[in-house]
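J.: model this:
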Amino acid sequence: MSQTSFEIRQAAVIGAGTMGRGIVMCLANAGVSVQWVDNNPQMLEQALKAVTDTYAHNVRQGRIDQVEADARIARVSTAADYVAIRNVDLVIEAVYENLELKQKIFRELDGLLKPGALLASNTSALDIDAIAAATRRPAQVLGLHFFSPAHIMKLLEIVRGARTSPAVLEAALELGKRMGKVSVVSGNCHGFIGNRMLHPYVLEARKMLLEGAWPQQIDATLQGFGFAMGPFRMYDVVGIDLEWRARELAGKGQDAPEVQVDNRLCELGRFGQKSGNGYYHYEPGSRQAEHDPEVDALVLSVSEGLGFHRRDIGSEEILERCLLALVNEGAKILQEGIAESAHDIDQVYLNGYGFPAERGGPMAWADDQGLADIHKRLLALETRQGDQWRPAQLIGELAARGKGFYL
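T.: Numbers count the residues shown, from 1 in each chain. Next comes the predicted model:
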């Protein structure tokens with residue numbers, strides 16, 4: 001399609017779950033008309049009611065007036081099927097993380113939509129090129145990864161596939177601006193920028209649980225550094241069962257030592273804040289995370305059952321391993337051209353992952369430490385703990401030249 005620019009006036013959202021609801025509000029708030037599709041009509045009605053209730057709450061809070069609330073609600077309508085949305089300029093798919101399902105949806109939409117329409121997936125980790133390959137318009141396919149709750153969180157990861165056209169990225173950035181988002185363009189890899197970096201960070205936290213640390217101790221240390229919440233509190237908020245169910249569906253990863261505490265919690269029905277118990281206990285109707293000695297006993301039992309000889313792990317080691325895991329992965333992302341700049345990576349972590357603003361983001365923090373020092377610390381970890389700590393080539397190169405990620 002040789003089109004120099006794309007104007008997004010009408011959009012459609014597929015999926016009436018939590019993400020779909022937030023995305024619909026983002027679009028309606030930005031003045032875009034939205035048609036909403038879900039194969040469960042009852043769920044769609046409930047979702048529409050939830051959106052109406054959210055706007056009513058915003059009016060009560062004085063955030064918007066009734067006229068504005070009415071205008072936003074009027075922009076949202078439900079659609080019975082894909083045929084009903086064939087004239088929209090953009091479709092955002094927000095169904096659960098299953099590649100085959102997303103490919104099926106994109107294949108169907110591609111056959112129905114007008115030639116100039118854009119197709120976006122809200123996937124948080126899946127291969128955008130594999131999704132685009134199901135269509136005859138790969139240049140008009142991209143990722144729009146909203147963060148939950150989408151109508152509140154500022155970050156939008158715009159994922160460019162191998163064939164996504166510059167004009168499509170331009171239109172996505174313009175839409176991001178209209179929605180009031182901090183938009184960052186990412187290349188296509190598993191987890192993009194944010195979740196790819198999150199993986200080694202969380203892995204270190206989970207390893208330290210088995211080696212001798214406690215959930216509350218790790219969270220308190222990272223919150224003391226300035227994070228909005230530590231990794232285990234974060235899992236409670238998101239839902240521990242999401243990854244557990246994803247591992248079950250994929251039929252792999254369930255045996256890894258690092259996820260055995262999560263598995264045991266989920267087997268006990270401790271899915272996090274939503275079920276009243278996760279890594280912490282929550283009183284009915286409360287979001288206050290309370291220390292639960294039962295979880296410490298479970299951590300002890302799992303780690304000893306796996307043959308770990310527990311030792312004291314101090315705050316210094318917790319910070320060292322979690323922060324350096326973030327920085328090293330960030331450097332690999334830069335090196336591979338997945339992110340265009342250290343600033344982009346920091347924007348992702350400041351606006352999507354609760355990294356302390358006063359520290360500027362993980363890459364700015366690393367520059368403050370000095371990359372020669374970071375390089376030396378990574379080499380020490382590699383000696384003690386193995387190859388996964390090998391410093392990214394970029395860190396060694398910049399350190400040798402006395403430079404940082406920014407300068």
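J.: For the stretch 251-400 of the chain, which segments are assigned as strands?
T.: Applying DSSP state E, counting those that start in this stretch to the stretch 251-400 of the chain gives no strands.
J.: What ranges does it have for its helices?
T.: Remark: helices assigned in the stretch 251-400 of the chain by DSSP state H, counting those that start in this stretch are 260-267, 293-305, 315-335, 342-352, 362-369, 371-385, 393-400.
J.: Tell me which residues of the fifth one come out buried.
T.: Buried residues in helix 362-369, defined by neighbour count with 16 or more other Cβ atoms under 10 Å: 362, 363, 364, 365, 366, 367. Heads up, the C-betas are built off the backbone N, CA and C, glycines and all.
J.: Residue 91 belongs to a strand?
T.: Yes - with DSSP: H, G, I helix; E, B strand; the rest coil as the criterion, residue 91 is part of a strand.
J.: Show me what the helix-or-strand element of the chain with minimal mean pLDDT is in contact with.
T.: Lowest by mean pLDDT, DSSP states H and E among the helices and strands of the chain is helix 241-250, with a mean of 87. Here helix 241-250 makes contact (Cβ atoms under 8 Å, 6 or more residues apart in numbering) with 97, 98, 253, 254, 259, 262, 263, 266, 271, 272.
J.: The fifth one reaches residue 253, doesn't it?
T.: So that's residue 259. Yes - using Cβ atoms under 8 Å, residue 259 makes contact with residue 253 at a distance of 6.7 Å.
J.: Between the two, which has more neighbouring residues?
T.: The residue with more neighbours, out of residue 259 and residue 253, is residue 259; 18 against 13, by other Cβ atoms under 10 Å.
J.: how close does that one sit to residue 162?
T.: Distance of residue 259 to residue 162, given as Cβ to Cβ, to the nearest Å: 32 Å.
J.: Return the members of the contacts of helix 241-250 classed as buried.
T.: Buried members of the contacts of helix 241-250, scored by 16+ other Cβ under 10 Å, are 97, 259, 262, 263, 266, 271, 272.
J.: and the residues you listed, which two are the farthest apart?
T.: Greatest spatial distance among these (Cβ to Cβ): 97 and 263, at 18.7 Å.
J.: Neighbours of the nearest residue to residue 254 once chain neighbours are set aside, how many?
T.: Using Cβ to Cβ, 6 or more residues apart in numbering and skipping the chain neighbours, the partner closest in space to residue 254 is residue 247 (4.8 Å). Other residues within reach of residue 247, judged by other Cβ under 10 Å, total 18.
J.: Report the distance from stretch 223-231 to the chain centre.
T.: 17 Å (Cα atoms, centre = their mean, to the nearest Å).
J.: What are the buried residues along that stretch?
T.: So, applying 16+ other Cβ under 10 Å, buried residues of stretch 223-231: 225, 227, 229, 230, 231.
J.: Contacts only, for the nearest residue to residue 163 once chain neighbours are set aside.
T.: Of all residues not flanking residue 163 in the chain, residue 138 sits nearest, at 4.1 Å (Cβ to Cβ, 6+ apart). In this structure, residue 138 makes contact with 129, 132, 161, 162, 163, 164, judged by Cβ under 8 Å, 6+ apart.
J.: try it again with 10 Å
T.: 110, 119, 128, 129, 131, 132, 161, 162, 163, 164, 165 (Cβ atoms under 10 Å, 6 or more residues apart in numbering).
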